[in-house]
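1. fold the stuff below for me.
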Amino acid sequence: MLLDPPPGSHVIDACAAPGNKTSHLAALLKNQGKIFAFDLDAKRLASMATLLARAGVSCCELAEDDFLAVSPSDPRYSQVRYILLDPSCSGSGMLSRQLEEPGARAPSPARLHALAGFQQRALCHALTFPSLQRLVYSTCSLCQEENEDVVRDALQQNPGAFRLAPVLPTWPHRGLSRFPGAEHCLRASPETTLSGGFFVAVIERVEALSSASQAKTSAPECTPGPAPKRKKRRRQAAAGAYTLPGT
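-> All right, here's what the predicted structure looks like:
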């Protein structure tokens with residue numbers, strides 16, 4: 001929903017299986033345009049293909065590929081303006097896991113370090129697609145290392161090119177104040193929002209925003225055209241209607 005691609009758009013679902021997000025994207029697109037969906041797990045992709053077929057999705061192209069190996073310069077992706085990146089994470093916000101494993105330990109520092117490294121590489125890679133305008137980065141984790149830290153580092157590696165978009169201003173649980181703009185991110189947790197735990201950041205290209213603003217400000221003003229002349233002609237015609245023959 002926060003990615004909000006209009007029908008006909010080209011979209012990448014970078015870590016797609018098992019396909020629930022992909023089918024939601026197809027619904028938002030009204031099954032028009034193209035979704036490029038990547039995942040490395042062949043078994044999960046097979047289940048995903050069944051799910052998409054059952055949902056009637058015809059605008060999706062599945063690929064058993066590592067998103068990090070997908071070339072942004074490939075002409076197939078030249079029109080991709082929207083990317084959904086929901087990478088593998090610790091799952092520390094998954095309420096179902098907490099219920100199934102009471103007292104489950106928090107992820108170890110070593111695992112968090114490895115996950116955050118992959119997440120950062122995936123996000124930085126996604127930001128290199130040349131036509132990208134809007135990206136959603138999300139996890140089902142409560143850990144700062146997988147959330148704010150990943151987003152901060154990616155933005156620092158692309159200074160001035162992207163910004164965090166302010167979304168859902170009334171949502172009560174915001175990003176941790178680890179860097180300027182982090183309050184635009186969204187958080188949820190069983191304690192604060194009575195839901196599963198997750199994190200969402202919406203990233204927009206600054207160039208696209210600037211171009212749109214310039215186009216708006218440089219648009220010519222509408223000025224009255226021939227209306228006064230038409231009014232004058234109507235007055236002349238009215239006068240002529242009362243002119244006596246021969247005068």
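2. and the longest helix along the chain, what does it pack onto?
-> As assigned by DSSP state H, the longest helix anywhere in the chain is helix 109-126. Under the contact criterion of 3 or more C-beta pairs under 8 Å, 6 or more residues apart in numbering; DSSP states H and E, helix 109-126 touches strand 80-85, strand 134-139, helix 148-156. All C-beta atoms are positioned from the backbone trio N, CA, C, and that covers glycine.
3. can you show me the helices along this structure?
-> Here the chain has its helices, by DSSP H, at 20-28, 42-54, 95-100, 109-126, 148-156, 206-217, 227-241.
4. which of those helices comes out lowest on mean pLDDT?
-> Ranked by mean pLDDT, the helices of the chain bottom out at helix 227-241, with a mean of 44.
5. partner residues bridging Ala37?
-> Beta bridges link Ala37 to Asp13, Leu62, judged by DSSP bridges.
6. is it true that it touches Asp65?
-> No: here Ala37 lies out of contact with Asp65, judged by C-beta atoms under 8 Å, at a distance of 9.7 Å.
7. give me the more crowded residue out of these two.
-> Legend: neighbour count by other C-beta atoms under 10 Å for Ala37 and Asp65, higher for Ala37 (28 against 14).
8. list the residues that contact the more buried one.
-> For Ala37, the contact set (C-beta atoms under 8 Å, 6 or more residues apart in numbering) comprises 12-13, 16, 19, 22, 48, 60-63.
9. give me the buried entries from these.
-> Buried subset of the contacts of Ala37 (neighbour count, 16 or more other C-beta atoms under 10 Å): 12-13, 16, 19, 22, 48, 60, 62.
10. adding distance to Pro107, write those out as TSV.
-> TSV is the format used below for these (distance: C-beta to C-beta, whole Å):
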residue	distance to Pro107
Ile12	27
Asp13	25
Ala16	23
Gly19	25
Thr22	26
Met48	26
Cys60	32
Leu62	30
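11. format the helices and strands packed on helix 109-126 as CSV; extra columns: distance to Cys124 and mean neighbour count.
-> Below are the helices and strands packed on helix 109-126 laid out as CSV (distance: least, C-beta to C-beta, whole Å; neighbours: other C-beta atoms under 10 Å):
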stretch, distance to Cys124, mean neighbour count
strand 80-85, 11, 24
strand 134-139, 11, 23
helix 148-156, 5, 20
